[in-house]
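>>> Turn this into a structure:
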Amino acid sequence: MSQDNRKRIKQFEVMVAERIRETHDTTTLILFTGNDHLDYKPGHFVTIDPHQFPALERWTNYLEDMKGKKETARAYSLYSAPHEKYLAITIKEEQYVSGSTKFPPLLSPVLVHRIDAGSKMVITGFTGPYVLPEDIESRTDHLVHVAAGSGVVPNMSMIKHALATDMKLSHTLIYSNKNWNDVIYRRRIEELQRQYPGKLKVVHALTRERNMEQFDGDVFAGRVNESLIRDLVPDASVAHFFVCGPGITKYDRQLAKEQGLDPAPRFLESVIAALQSIGVERSQLHHESYG
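Residues are numbered from 1 along each chain as shown. Prediction:
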C-alpha cells in the first residue's frame with residue numbers, strides 16, 4: 001500500500017442525513033461527516049464493519065461459527081463525487097439464492113431497509129483501484145462505462161465529477177438491468193443528459209423486461225454483447241472502458257471445481273471478452289467486480 005493511500009484511509013463516524021429509496025431493493029444514504037473536505041477519488045469505496053450494529057450480533061456470531069472466521073467489513077462504492085459537499089453510498093440488497101449463494105447476506109438488508117435518518121455509524125475510507133485516473137484526459141477523450149445493477153454506482157461518481165469539473169471527456173453509459181424498475185438513478189441520469197447535451201449518451205439493456213413496447217430510442221432488450229458495443233463505440237481503439245458488475249465469485253469457483261467444470265462467466269467476464277474481441281487493449285480497460 002502506498003504512503004498516499006495510507007494517509008487517505010481512516011475511520012470516522014458519520015450520521016445518516018437522508019435516506020433515498022432508489023428502487024425496491026436499493027437505497028442511497030447521504031452521510032454527514034462534519035468535515036468540509038474529504039480526500040477521495042471518483043470510484044473509491046468505503047467499508048462498514050457489521051460488528052458495530054447490536055441488532056446484528058446474533059447473526060454475526062452465527063455466521064462466524066459457520067464460517068470458522070471473523071466476519072469482515074463490507075465495501076460500498078461512493079455515489080458522491082469529490083466536488084460535492086456531501087458523502088453518499090448506494091447499497092443494493094444482496095439476496096440468498098439456494099444453490100447459488102453459500103450464506104445469507106448480513107449487512108446489506110439492514111442498510112437498505114432499516115437504517116433511518118439520524119442513525120450513526122463508523123465507516124472506513126477511502127480506497128480501491130477502480131478510480132478515474134488523474135491523467136485520463138491525456139489518454140482519451142471518450143469514456144465508455146459498462147455497468148450492471150449497482151455496478152453503476154462508482155461509474156456515476158466518475159461521470160458526475162468529470163462533467164461538473166468540465167473535463168474534456170465525453171461519456172457513453174451502457175447500463176444493464178433486469179427490468180426498467182431496477183434502473184438505479186433513473187431520474188438523475190436523465191437530468192445529467194439534459195444538463196450536458198452531447199457529453200453523455202446513455203443506453204439501457206434490459207434482460208427481463210416484458211413491456212419493451214413502451215420504450216423508444218436507447219432502450220434495448222437483451223444482454224450487453226459484442227454487437228451492441230460495436231454499434232455504440234465505432235472506434236474502440238481511442239476509448240477507455242470502465243466495466244463494473246457481477247463477476248465470478250469464490251463460491252462459484254468452488255462449486256464448479258467440485259462439479260469438475262469451469263465456472264460460467266458472469267456479466268464482468270462476458271463484457272471483458274466482448275471488448276477483447278473488438279480489439280480493446282488491456283491499457284484501455286478498467287474493471288471492478290462484485291457478487
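
>>> According to the record, where do the domains of this structure fall?
3-127, 136-290 (automatic domain parsing).

>>> Could you give me the buried positions within whichever helix or strand R230 is part of?
In the assignment (DSSP states H and E), R230 maps to helix 226-232. Judged by neighbour count (16 or more other C-beta atoms under 10 Å), helix 226-232 contains these buried residues: L228, I229, L232. Backbone N, C-alpha and C define where each C-beta goes, glycine included.

>>> Please, where are all the strands along this structure?
Using DSSP state E, the strands of the chain run over 10-23, 26-32, 45-48, 74-77, 87-92, 120-127, 142-148, 170-177, 200-206, 219-221, 240-246, 285-290.

>>> could you dump those to TSV with mean neighbour count?
Output for these, formatted as TSV (neighbours: other C-beta atoms under 10 Å):
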stretch	mean neighbour count
strand 10-23	15
strand 26-32	21
strand 45-48	22
strand 74-77	20
strand 87-92	23
strand 120-127	18
strand 142-148	24
strand 170-177	22
strand 200-206	20
strand 219-221	17
strand 240-246	24
strand 285-290	19
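
>>> got a markdown table for the domains of the chain, with mean pLDDT too?
Listed next are the domains of the chain as a markdown table, based on pLDDT from 0 to 100:
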| stretch | mean pLDDT |
| --- | --- |
| domain 3-127 | 92 |
| domain 136-290 | 95 |
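
>>> quick one: which of the strands of the chain is nearest Q193?
strand 200-206 (5.4 Å; C-beta to C-beta).

>>> Mind exporting the C-alpha coordinates of the closest one to CSV?
Only the C-alpha atoms of strand 200-206 are listed here, as CSV (Å, rounded to 0.1, in the frame of the first residue of the first chain):
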residue,chain,number,x,y,z
LEU,A,200,-23.4,12.0,-22.0
LYS,A,201,-25.1,9.3,-24.0
VAL,A,202,-27.0,6.6,-22.1
VAL,A,203,-28.2,3.2,-23.4
HIS,A,204,-30.2,0.8,-21.3
ALA,A,205,-30.1,-3.0,-21.8
LEU,A,206,-33.0,-4.8,-20.2
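
>>> Can you name the residues in contact with that strand?
159, 163, 170-180, 183, 189, 192-193, 212, 218-224, 228, 232 (C-beta atoms under 8 Å, 6 or more residues apart in numbering).

>>> How about the residue in this protein that sits furthest from its center?
G260 (31.4 Å; C-alpha atoms, centre = their mean).

>>> which residues touch that residue?
Contacts for G260 (C-beta under 8 Å, 6+ apart) come out as none.

>>> Over to Y130?
Going by C-beta under 8 Å, 6+ apart, Y130 touches G43, P154, F242, C244, H286, H287, E288.

>>> would TSV of these with distance to D141 be doable?
Shown next, in TSV, are the contacts of Y130 (distance: C-beta to C-beta, whole Å):
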residue	distance to D141
G43	19
P154	21
F242	15
C244	21
H286	16
H287	21
E288	23
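
>>> Out of those, which is nearest to H142?
Checking these one by one against H142 (C-beta to C-beta), the nearest turns out to be F242, at 11.4 Å.

>>> what are the bridge partners for the closest one, then?
According to DSSP bridges, the residues that bridge with F242 are H145, H286.

>>> distance of it from W180?
Counting by C-beta to C-beta, to the nearest Å, the gap between F242 and W180 amounts to 23 Å.

>>> Would you check that H24 makes contact with I184?
No: with contact defined as C-beta atoms under 8 Å, H24 does not reach I184; the gap is 11.1 Å.
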